[in-house]
Structures are given as structure tokens and as C-alpha cells.
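>>> requesting a structural model of the entry that follows:
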Amino acid sequence: MHLRTTFFLLVLTTLILSYVFMHESPDGSVNEGDKKKVKLLDLEPERVAYWSLAGDRGFVECVNEHGQWMINKPFRTRARDARINYMLSVLAALMKGETITGDQRKARALGLADYGLAKPVYRIVIGSPDKRLEMNVGNISPLKDSIYVQINDSDTIVATSTNLLAIIPRELAEIRDNHLISGAPAYVKMLEIKSPMSPLIMLAKEGAEWVLRKPVLARADWLKLSTLLDSIFNAQIDQYVSDSMKDPSLYGLDDDEAIMQIGIWQNEKEKGEYLLFGKKADDKGDLVYVCQRGQGSVYAVKAAIVDSLSITTANIRDSRLFFMAPESFSSIRIEEGNNILQLVRDRASGWQITEPKKWKADDKIVETLISRLNSLRIEMFVPATNLNARLLEKPAKIITVSDAPLSIPATGPLIPSTPETQVTTRSLLLSASAQGKENVFGRFADEDEVYQISASAVTTISLNPMSYRDSVILSFDPAAVTKIVLHKNNMEQVAVRDNAKKWQAGGPGPARLDLKIIDDMLVRASGLRAVRFESDSSVAGMYGLQPAARTLTFSLSGKEGINKTLLLGENSEDGGVYAMLQGQEFVFVLDKDVVNLLLRDMFR
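Next up, the predicted model:
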């Protein structure tokens, strides 16, 4: 029994020793495959703010500035964010393979040079706010399945994936941003395009609109401009020509020689970035030179890019005539012969009619007018012939809009009444409409360009001040009313509020007031609106208002200590009731049901 047990123990020991020898490397270390995989670098790519690469082709240094990677050395230029971020993600994913300590190398009689690390092929430095990592890259392993690296000049050498070699740039062009300009269309606030054969084109973003500021003042076509901006930001460099340009004239990139200059202002930057396009860069003319003003780099881009960026005023201009945002309108003036309508916005109380009379305007109706003005479109550009010029020498109608209140000088054009310098004022001159003609001629006072404009669209721009009047014709505080006098059927009903604020019957004899009817009357009358305005009071007699058979008078206390008397006349053709306020100059129409409620007996 003892011999049998000894035999089994001997077999078990042999098996254990065999397993150890099979899984042990020649120098006694345990195979890395049996260990848990460990990351090569303690690296968080999103926190990396610096990296550099030194190798046989020179030194490259990059820094992350507010989310944009920049190449600092060998010269300063933009880097390709996606390429660098991918490189950092691969570095962060590298795993440790075989590790060889200094003692193990001595046991094998090997030095750093045997692993290519005495003079590393590459040296990579990565920096984040709280740490710095240095990695020397050496030779590929004999089996070609890994590469040897040394971290922070440690005595230990580590084998890692050859994926490392795939991300190391061989040329600077691999990590340079190949876009002509950085940023995005959404950040652009101003654009300038200049070429020797065309006038300067300047556009500015105002709210959600793009406005053409030069050579004319007009609204820009949003879709066309968006396409242009996309072309600018998508334009890519075809060749890197030089990074040390000394003489721009060699490439046709002087300001006076450039075939096109594009200035772009983004965000809140005070200075724009200018792209200059110059001479042909190849014999076929497929490429042209380009540079960014103030920088020493010269590139070549496809000539088709220049063609896509070449625009004229006509093909970037929106067909809509007026362009101000509705909230920017401060003055509107319409002139037709001797008739004038002027509307001015008071920022506290809203729109006011200032000519021909001073009245409160209905804000919603003026907003509709602004919408119609902003909808006027150019149907066609026409040559500025002598005939067209004569048609507009004495325009039939003039529409002037401004983002500031206007004052009317004795002579000369309308001028802003405020000392502001950045004021937009535009006067549209319109010819008379002719029978059978669908369009009228028009042009802005500060332009020579003549257009055809829909005659029917122009006729929707009413000159009648009554069309814009605020429909509220009575406005008072019901609590301020001290007396009500209702006159109808040749009789008067009087209600008086006493010192205790209670309503009492006025006149001789006892009478019992219906307080509910009085309260309802005050509520309806204190914000009484006209259905429409009819005419001035010079013809009040034809509406049964001179004299009026029915009147309703409210006596007010305090600051409003006056009488307001509503005169009620005949029924209108559209089912309303003609009315006017005593002492005012216009006739209006009230809803008949409202009038019937106002004329109810105040006594039970």
C-alpha cells in the first residue's frame, strides 16, 4: 500500500513539472498570454492637450487650442483633428505584450541597441494637464508580430502591437488640415468677395437674414449664399507648394494681382481671414495657387473651386425688395401725389400714425403691412433706358422704410431723426400702373437698377390712414367713471356714483338701477372697438350722426376728468351701426349686437 501511494505521488509531481516547463519562457518568465491583458499607456485621449513626434524626418509638435489641434512646429498651421484624435485613440488601446526587464536583458547578454532603443526610431511625447508620457519606439520583433517600446525611459522594454506603426505620420501632410479655411458656415457673420473685373461684394448677417451691403443694399438669397459658404468651407488643398513664401508676386498672390479675394469674419473676431487666389499652378490650368493673407504657406487648388466661388450681385441677390427684419422697422412712409401716410414705432406704446393725423395705429395691421412690404419681389431686371428713367422721374408712389424714426427736412431726402450712424433707410420709387399691364417699374432712390414689380402686389399697400388706425375707440378705467347719461327715445337715463362709490339714480323721483347692466355696460365701453372706419366727420349727417338720436356719455374723474360721448346713428349696409365720438373727426362702424347691449335701460 505504501509503494502504491508513492507511485501516484511521483506521477502527479511529473505532470505538474511538465505543465510548468511547457508554459515557461526560456528565461524563466511566464508567458504573457496567460496573464490578464493590461493597457500599455495610462491615457485618456480627450484630456490630451499636447503631443510631439521626433524621428528621422524631423520634429513635429501639436497643441490642442480650444478643441482645435494646431501644428506648432516645424511651423504653425492647422492640424487635421480627426487624424490626430484617431491616433490618440489607437495609442490608448495598445496592450502590453512581452516585458523584458533590465536583469533579463543582462541574463541574455542583450542591450537597448538589440531592441532598437539605444537610438529610437521615433520618440513620442504626450501631455495632459496632470501627466506627461514619453515613448521610445524601437525594432519590430523577430516574429514580426509586435514592436518594442520603452515608456518614460524605464529600464523595462515592452512589446506591443504593430498597429502603432500604422498611425505614425510619415509626412506632415498626413496630419495637416487640408481645408482652405477652418470653421463652419454657421459661424460666419460677414463675407467679402473681390475680383479685378467686378465691384466689391460685401454681405452681412442680420438676425436670420443675409443682407447685401455692397455694391447695393438688398436682401441676399439665403439658399444661394448657404451653397456659397458650403463651397468655401469644403474647398480642399490639392497640393502643398511652399511653407516659406517670400515673394507673393511669383504666384500672383499680391493684393493687386490676385484673381479673387475672399474675406470671412467668423463669430466675434474683429479681423477677417482672407483667401487670395492667384496664377495657374500647372500647364493645363487645372490648378491655381492660393494662400491665406499674412501666412507664408502656398497651396494649389483645383481651378473649378475658383469658378464655384465666383458670384455677381445679380446671382446672389434675393428677389425680395425690402429686407429688414420686422422688429427692425421703425418708420414707414408712403407718398402718392399730395397724400402722405407716415407710421412711426414708439418702443413703449407701439405703432403711431403721425401723418396725416396723429392717431394710435393697430400694431397687428402694421405688422401685416410690413409683411407685405417684405414680400414685394423683383419680377424682372430691366435695362435702365431713357424711357424707364423718365417713368420714375416723377414716381406715382414712394415707399420709404427705415430702422430709425424719420424727420422731414425742408428740402432734400428724408433723414433719420436720431444721430445714429448705422441706420438703414430705403426709398422705393414706383411708376403708375397702366391698364392691361401686370407690372409696374420700380427702383430704389440710391440705385440705378430698374425692376418690374407686380402691380397687384403694389396695390395691396394701402395709403388710407383709416386702414391702420387702432380699432379701440374708447379706452378708460371703469372705476374712474362718475356718471353715465344714456339718451334715447327723446328721454335721458342718468346714473351717478356717490362718494361711497355706489351707483344712484340721477334726476327727480325714485328709480331703481340695474347694477348688473351698468357693470356690463362699463366693461364693454371701456375697451370698445370699431368694426371698421368709414369716413371723416364732415359728412356725419348722412350717417344719422348730426344730430344723433342716441348718445351715451361717460364722465370720468381724476386725470381723465372729461366727458366721452358716443354718438350712435343709422344702421350700416353690412349690418353694423354708424357711430362717432363727439369732438373727433371720423365716423366708424360698431357691431350691432354690442350697440344693443350698450343701449339697454339702466333702470328696472
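>>> in the stretch 401-550 of the chain, which spans are helices?
With DSSP state H, counting those that start in this stretch applied, the stretch 401-550 of the chain shows helices at 455-459, 515-525, listed in chain order.
>>> ok, the stretch 151-300 of the chain next?
Under DSSP H, counting those that start in this stretch, the stretch 151-300 of the chain gives helices at 163-167, 222-234.
>>> that older thread, right, and the helices of the stretch 401-550 of the chain - which one's nearest Ile126?
Between Ile126 and the helices of the stretch 401-550 of the chain, the shortest separation by Cβ to Cβ is 65.0 Å, and it involves helix 455-459. Every C-beta, even on glycine, is put in place using the N, C-alpha and C of the backbone.
>>> what bits of this protein have low per-residue confidence?
The model of the chain has pLDDT under 70 over residues 1-36, 383-390, 406-422, 508-510, 558-561.
>>> re the thing from before, any chance of the helices of the stretch 401-550 of the chain in CSV, plus mean neighbour count?
Output for the helices of the stretch 401-550 of the chain, formatted as CSV (neighbours: other Cβ atoms under 10 Å):
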stretch, mean neighbour count
helix 455-459, 15
helix 515-525, 15
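>>> how about the ones you listed in a markdown table, adding distance to Val494?
As requested, the helices of the stretch 401-550 of the chain are arranged in a markdown table below (distance: least, Cβ to Cβ, whole Å):
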| stretch | distance to Val494 |
| --- | --- |
| helix 455-459 | 50 |
| helix 515-525 | 12 |
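>>> closest to Pro129 out of those helices?
Closest to Pro129 of those, according to Cβ to Cβ: helix 455-459, at 62.1 Å.
>>> roughly how far out does that closest one sit from the chain middle?
How far helix 455-459 lies from its chain's middle: 31 Å, per Cα atoms, centre = their mean, to the nearest Å.
>>> so what touches that helix?
For helix 455-459, the surrounding residues in contact (Cβ atoms under 8 Å, 6 or more residues apart in numbering) are 372, 375-377, 397, 430, 433, 437-440.
>>> recalculate using a threshold of 6 Å.
376, 433, 438-440 (Cβ atoms under 6 Å, 6 or more residues apart in numbering).
>>> CA atoms of that helix as CSV?
Output in CSV follows, covering the C-alpha atoms of helix 455-459 (Å, rounded to 0.1, in the frame of the first residue of the first chain):
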residue,chain,number,x,y,z
ALA,A,455,-48.8,95.8,-59.9
SER,A,456,-51.3,93.8,-57.9
ALA,A,457,-48.8,93.4,-55.1
VAL,A,458,-48.2,97.2,-55.0
THR,A,459,-52.0,97.9,-54.8
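>>> and the closest residue to Trp222 other than its chain neighbours, how many neighbours does it have?
Among residues not flanking Trp222 along the chain, Trp210 sits closest, at 5.9 Å (Cβ to Cβ, 6 or more residues apart in numbering). Trp210 has 25 neighbouring residues, counting by other Cβ atoms under 10 Å.
>>> use 29 as the first number for this chain going forward.
Happy to do that; since the first residue is 29 now, the last one works out to Trp238.
>>> follow-up on the earlier one: between the helices of the stretch 179-328 of the chain, which gets nearest to Glu562?
Closest to Glu562 of those is helix 250-262 (Cβ to Cβ; 42.6 Å).
>>> that older thread, right, and the helices of the stretch 179-328 of the chain - which one's nearest Ser270?
Across the helices of the stretch 179-328 of the chain, Ser270 has its closest neighbour in helix 250-262 (22.6 Å, Cβ to Cβ).
>>> okay, buried residues for the closest one please.
By neighbour count on 16 or more other Cβ atoms under 10 Å, the buried set for helix 250-262 is 253, 256-257, 260-261.
>>> out of the residues you listed, who's nearest Gln480?
Of the buried residues of helix 250-262, the one sitting nearest to Gln480 (Cβ to Cβ) turns out to be Leu253, at 24.0 Å.
>>> against Leu219, how distant is the closest one?
Computed with Cβ to Cβ, to the nearest Å, the distance linking Leu253 and Leu219 is 8 Å.
>>> Ala77 now?
33 Å.
>>> and Val524, by the same measure?
From Val524 to Leu219 the distance is 71 Å (Cβ to Cβ).
>>> Asp498 too?
Using Cβ to Cβ, one gets 42 Å for the distance from Asp498 to Leu219.
>>> which of these two has more neighbours?
Per other Cβ under 10 Å, whichever of Asp498 and Leu219 has more neighbours is Leu219, with 24 against 20.
>>> which ones are touching the closest residue in space to that one that isn't next to it in sequence?
Leaving aside its sequence neighbours, Leu219 sits nearest to Leu231 (Cβ to Cβ, 6+ apart; 4.6 Å). Contacts for Leu231 (Cβ under 6 Å, 6+ apart) come out as 219, 238, 240, 248.
>>> and the residue most central in space within the chain, how close does it get to Asn295?
The centre of the chain sits closest to Ala236, judged by Cα atoms, centre = their mean, with a distance of 4.5 Å. To Asn295, Ala236 is 17 Å away according to Cβ to Cβ.
>>> please, where are all the strands along the stretch 329-478 of the chain?
359-364, 367-374, 378-383, 387-388, 406-410, 425-430, 434-435, 443-444, 453-458, 467-472, 478-482 (DSSP state E, counting those that start in this stretch).
>>> mind putting those strands into TSV with mean neighbour count and distance to Val186?
Putting these into TSV (neighbours: other Cβ atoms under 10 Å; distance: least, Cβ to Cβ, whole Å) gives the following:
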stretch	mean neighbour count	distance to Val186
strand 359-364	20	77
strand 367-374	18	74
strand 378-383	19	76
strand 387-388	17	83
strand 406-410	15	72
strand 425-430	22	74
strand 434-435	17	79
strand 443-444	16	75
strand 453-458	21	73
strand 467-472	22	75
strand 478-482	21	75
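>>> as a markdown table, the ones you listed with distance to Arg560 would be great.
Listed next are the strands of the stretch 329-478 of the chain as a markdown table, based on distance: least, Cβ to Cβ, whole Å:
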| stretch | distance to Arg560 |
| --- | --- |
| strand 359-364 | 20 |
| strand 367-374 | 17 |
| strand 378-383 | 16 |
| strand 387-388 | 15 |
| strand 406-410 | 32 |
| strand 425-430 | 24 |
| strand 434-435 | 28 |
| strand 443-444 | 34 |
| strand 453-458 | 27 |
| strand 467-472 | 28 |
| strand 478-482 | 26 |
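>>> quick one, phi/psi of Asp266?
The phi/psi pair for Asp266 (degrees, to the nearest 10) reads phi -90, psi -40.
>>> repeat that for Asp109.
Per-residue torsions, Asp109: phi -50, psi -50 (degrees, to the nearest 10).
>>> hmm, back to that, which residues does the residue nearest to the centre of the chain contact?
By Cβ under 6 Å, 6+ apart, Ala236 lies in contact with nothing.
>>> just the one 4 residues further on next, same as before
Leu240 sits next to 231, 246, 248, 345 when contact means Cβ under 6 Å, 6+ apart.
>>> make JSON lines out of the residues you listed and add distance to Leu119.
As requested, the contacts of Leu240 are exported to JSON lines (distance: Cβ to Cβ, whole Å):
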{"residue": "Leu231", "distance to Leu119": "44"}
{"residue": "Ala246", "distance to Leu119": "53"}
{"residue": "Ala248", "distance to Leu119": "46"}
{"residue": "Arg345", "distance to Leu119": "52"}
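>>> tell me the one of those residues nearest Val509?
Ala246 (53.6 Å).
>>> distance of that closest one from Asp181?
Ala246 is 66 Å from Asp181, by Cβ to Cβ.
>>> looking at the two, which one has more neighbours?
Ala246 (24 against 9).
>>> is it true that the more buried one touches Arg345?
Yes - with contact defined as Cβ atoms under 6 Å, Ala246 counts as touching Arg345 (5.2 Å).
>>> out of the strands of the stretch 329-478 of the chain, the one nearest Arg111 is which?
When the strands of the stretch 329-478 of the chain are compared for distance to Arg111 using Cβ to Cβ, the nearest one is strand 406-410, at 47.1 Å.
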